[in-house]
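K.L.:
Make a model of this:
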Amino acid sequence: MMKKIIISAAAVLCLAALAGCGSAVTYKDGTYEARSSEYVNEDGSEDGNGYGIVTVTVKDGVISDCTFRTYELDGTQKGEEYGKKSGSIANKDFYNKAQKAVAACDRYAENLVLAGSIDGVDAISGATINYGQFTEAVAAALSQAEGAK
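P.N.:
Residues are numbered from 1 along each chain as shown. Have a look, this model is predicted:
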C-alpha cells in the first residue's frame, strides 16, 4: 500500500532555499570576453584543433547576451568552410560533423542566456570539444564579471 505525502508550497520553498536554489549569482554590468585554452588532437591530426572565444554581456546583474566562436590554431574562424579539404567537400560525413559543431556554438550561447548560468547548458552530441571550450571561456568571463563588483 502506497502512502501519499503532501508537501506544502512553503516546505518546497524552504527545501529549495536549503539546496541553494534561488541564490542566483549577480554580476557587474558590462561586456566580458575570454578565450579557452587551445585544443590539439592527441593523434597529431589537424582536424578539430583550435580554441574558442566567448563574449558575455551582463545587464542588470544577469547574463543578457552571449556569443561564442571557435577558431583554428592559426586564428581562422571556423565557419561555412570548416570541414572542407582544400575548398571542396572531400569527406561529406566529416564536413557535416564539423558544421554541426559550428552550429552548436550559437546554441551554447543562446542556452547560456536562457539558463542564466553555465549549469543550465548541456553538451550537444557531436560538439563536446566546443562544449569544453565554451564552459572554460564562460567561467573565465564570468569570473571577470564577479571580480568587477
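K.L.:
shouldn't residue 139 be in contact with residue 118?
P.N.:
Yes: assessed by C-beta atoms under 8 Å, residue 139 is found in contact with residue 118 at 6.7 Å. All C-beta atoms are positioned from the backbone trio N, CA, C, and that covers glycine.
K.L.:
These two: which is more packed in?
P.N.:
Remark: of residue 139 and residue 118, residue 118 carries more neighbours, 16 against 13, as counted by other C-beta atoms under 10 Å.
K.L.:
Check what pLDDT the spatially most central residue of the chain gets.
P.N.:
Taking C-alpha atoms, centre = their mean, the centroid of the chain lies closest to residue 134, which sits 3.9 Å from it. Residue 134 is assigned 98 on the pLDDT scale.
K.L.:
Contacts only, for it.
P.N.:
Residues in contact with residue 134, defined by C-beta atoms under 8 Å, 6 or more residues apart in numbering, are 36, 52, 54, 68, 105, 108, 109, 121.
K.L.:
Reformat these into a markdown table and put neighbour count next to each item.
P.N.:
Listed next are these as a markdown table, based on neighbours: other C-beta atoms under 10 Å:
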| residue | neighbour count |
| --- | --- |
| 36 | 24 |
| 52 | 27 |
| 54 | 27 |
| 68 | 23 |
| 105 | 23 |
| 108 | 26 |
| 109 | 22 |
| 121 | 22 |
